[in-house]
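Novice: attaching a predicted model along with its sequence, questions to come.
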Amino acid sequence: MSESLMNTKQVKDLLAKAAGLDQPGGNERLKRILQRVSEDLCRTVEEFDVTPTEFWTAVGYLTRLGQANEVGLLVAGSGIEHFLDLLLDERERRAGLQGGTPRTIEGPLWLADAPLVKGEARLDQDPEEGEVLFMEGQVRDADGKPVPGAVVDVWHANTKGGYSFFDPSQSAWNLRRRIEADGEGRYRFRSILPVGYGCPPGGPTQELLNLLGRHGQRPAHIHFFVEAPGYRKLTTQINIAGDKFLYDDFAFATREGLIPDVVRHTDPAEIKARGLNEPFATIRFDFTLNREAANLPETVVVREHAKAA
Ligand code: BEZ
Ligand code: FE
């Protein structure tokens with residue numbers, strides 16, 4: 001085909017009409033976005049000579065992806081969730097804001113309203129064979145001043161890579177807490193070192209990744225939202241140094257500045273002092289929050305989440 005159908009009046013009119021652009025009601029911005037997305041899709045179909053069978057295979061795939069509740073996995077695996085972070089970074093930079101703890105993707109496994117505790121928490125409720133972890137740090141502003149009362153919402157996987165609620169073998173709220181930092185902005189918790197998440201092997205996300213010659217693994221990590229009145233909400237994760245997938249995350253979330261040292265403690269006196277019988281690990285990580293300002297892009301993301309009963 002020499003002349004693209006996309007340039008014809010017939011197709012232009014079709015896509016404009018399908019997006020409601022010839023109608024007075026509705027949302028103008030949505031209409032223009034939908035028109036662009038449809039146009040890009042049709043252009044791709046034409047240029048790559050996508051057959052009707054291939055097209056309907058993709059429609060069937062997306063239907064199964066939604067039915068399996070894996071859309072959030074594929075969004076991360078496609079790199080688009082990381083792109084949204086890059087875009088926000090760039091928009092902040094253009095607005096004159098730099099610095100602070102780097103953001104990285106939320107992922108699809110957060111739950112609202114985890115138990116709120118003051119100062120320090122124990123996250124692991126279920127029996128685990130894993131290495132005990134003590135993590136602590138301080139929430140500070142860009143001038144290095146503590147942010148008293150900041151809320152550190154933390155969630156992570158267990159030693160099998162599963163998240164409570166999504167993994168019904170775990171008790172409610174296992175490895176999830178909101179910790180209200182003390183008057184010096186300090187938080188601390190005891191937990192177990194997680195292992196990395198892997199996409200469900202038989203699921204539609206992994207099915208597509210296989211066709212791309214990619215794995216669906218994440219390095220071990222711990223998620224955080226950090227919030228305080230007057231400050232920009234931080235969405236981030238730390239990665240556990242030494243993980244095989246540290247720089248090969250299927251969700252592209254690893255960033256410099258988010259890989260703290262994991263200190264291993266084997267001294268019997270230290271082990272005893274912590275009330276343990278085995279070596280343990282510690283991580284220190286301080287968060288730097290930026291002040292909110294009217295000219296900056298929004299960091300509070302409204303998205304649908306699973307609801308714990
Ligand atoms: C996770 O945080 O574990 C995760 C992120 C993106 C996709 C799947 C899982
Ligand atoms: Fe995660």
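Specialist: Received it, and whenever you're ready, just let me know what you need. Numbering: from 1, shown residues only. Ligands and ions are numbered 1, 2, ... in the order given.
Novice: and the closest residue to residue 263 other than its chain neighbours, what element?
Specialist: Nearest residue to residue 263, sequence neighbours excluded (C-beta to C-beta, 6 or more residues apart in numbering): residue 282, at 4.8 Å. Any C-beta I mention is one placed from the backbone N, CA and C, and that applies to glycine too. Of the helices and strands defined by DSSP states H and E, residue 282 is found in strand 280-284.
Novice: for that strand, name the packing helices and strands.
Specialist: Using 3 or more C-beta pairs under 8 Å, 6 or more residues apart in numbering; DSSP states H and E as the contact test, the elements touching strand 280-284 are strand 132-141, strand 263-265.
Novice: what helices or strands is whatever helix or strand comes next after the first one leaning on?
Specialist: Towards the C-terminus, the helix or strand next in line after strand 132-141, according to DSSP H and E, is strand 151-156. Contacting strand 151-156 under the criterion 3+ C-beta pairs under 8 Å, 6+ apart are the following elements: strand 176-180, strand 186-192, strand 221-227.
Novice: list the strands paired with strand 151-156, with their directions.
Specialist: Here strand 151-156 has these sheet partners by DSSP bridges: strand 176-180 (antiparallel), strand 221-227 (antiparallel).
Novice: now those as a markdown table including distance to residue 288, mean neighbour count and mean pLDDT?
Specialist: Shown next, in a markdown table, are these (distance: least, C-beta to C-beta, whole Å; neighbours: other C-beta atoms under 10 Å; pLDDT from 0 to 100):
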| stretch | distance to residue 288 | mean neighbour count | mean pLDDT |
| --- | --- | --- | --- |
| strand 176-180 | 17 | 21 | 98 |
| strand 221-227 | 9 | 23 | 98 |
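Novice: burial of residue 73, as a residue count?
Specialist: Look at residue 73: counted by other C-beta atoms under 10 Å, it has 27 neighbours.
Novice: what helix or strand is it located in?
Specialist: Per DSSP H and E: helix 71-77 holds residue 73.
Novice: list the buried residues in that helix.
Specialist: Neighbour-count burial for helix 71-77 flags 71-77 (criterion: 16 or more other C-beta atoms under 10 Å).
Novice: could you do stretch 103-112 as well?
Specialist: By neighbour count with 16+ other C-beta under 10 Å, stretch 103-112 contains the buried residues 103-111.
Novice: for residue 194, state which of these is nearest.
Specialist: In terms of C-beta to C-beta, no member of the buried residues of stretch 103-112 lies closer to residue 194 than residue 109, at 11.7 Å.
Novice: touching, that closest one and residue 163? I think so.
Specialist: Yes: using C-beta atoms under 8 Å, residue 109 makes contact with residue 163 at a distance of 4.5 Å.
Novice: each with direction, which strands does the strand holding residue 282 pair with?
Specialist: Sheet pairing for strand 280-284, using DSSP bridges, gives strand 132-141 (parallel), strand 263-265 (antiparallel).
Novice: which ones are touching residue 279?
Specialist: The contact partners of residue 279, taken as C-beta atoms under 8 Å, 6 or more residues apart in numbering, are 131, 264-266, 271.
Novice: so residue 165 sits against residue 171, correct?
Specialist: No: contact criterion C-beta under 8 Å: residue 165 and residue 171 do not qualify, at 9.9 Å.
Novice: between the two, tell me which one has more neighbours.
Specialist: Shown here are residue 165 and residue 171; by other C-beta under 10 Å, residue 165 has more neighbours (20 against 11).
Novice: ok, the residue positioned nearest the centre of the chain - contacts?
Specialist: In the chain, the residue lying closest to the centroid (C-alpha atoms, centre = their mean) is residue 106, at 2.1 Å. Neighbour list for residue 106: 81, 223, 225, 235, 301, 303 [criterion: C-beta under 8 Å, 6+ apart].
Novice: farthest-separated two in the residues you listed?
Specialist: Between any two of the contacts of residue 106, the greatest separation by C-beta to C-beta is 15.1 Å, found for 81 and 225.
Novice: ok, now which ones touch the closest residue to residue 76 other than its chain neighbours?
Specialist: For residue 76, ignoring the flanking residues on the chain, the nearest one in space by C-beta to C-beta, 6+ apart is residue 251 at 3.9 Å. For residue 251, the contacting residues are 76-77, 81-82, 105, 107, 218, by C-beta under 8 Å, 6+ apart.
Novice: please apply the same query to residue 297.
Specialist: Contact analysis of residue 297 by C-beta under 8 Å, 6+ apart lists 88, 91-92, 95.
Novice: again, only this time at 10 Å
Specialist: Going by C-beta atoms under 10 Å, 6 or more residues apart in numbering, residue 297 touches 87-92, 94-95, 97, 232.
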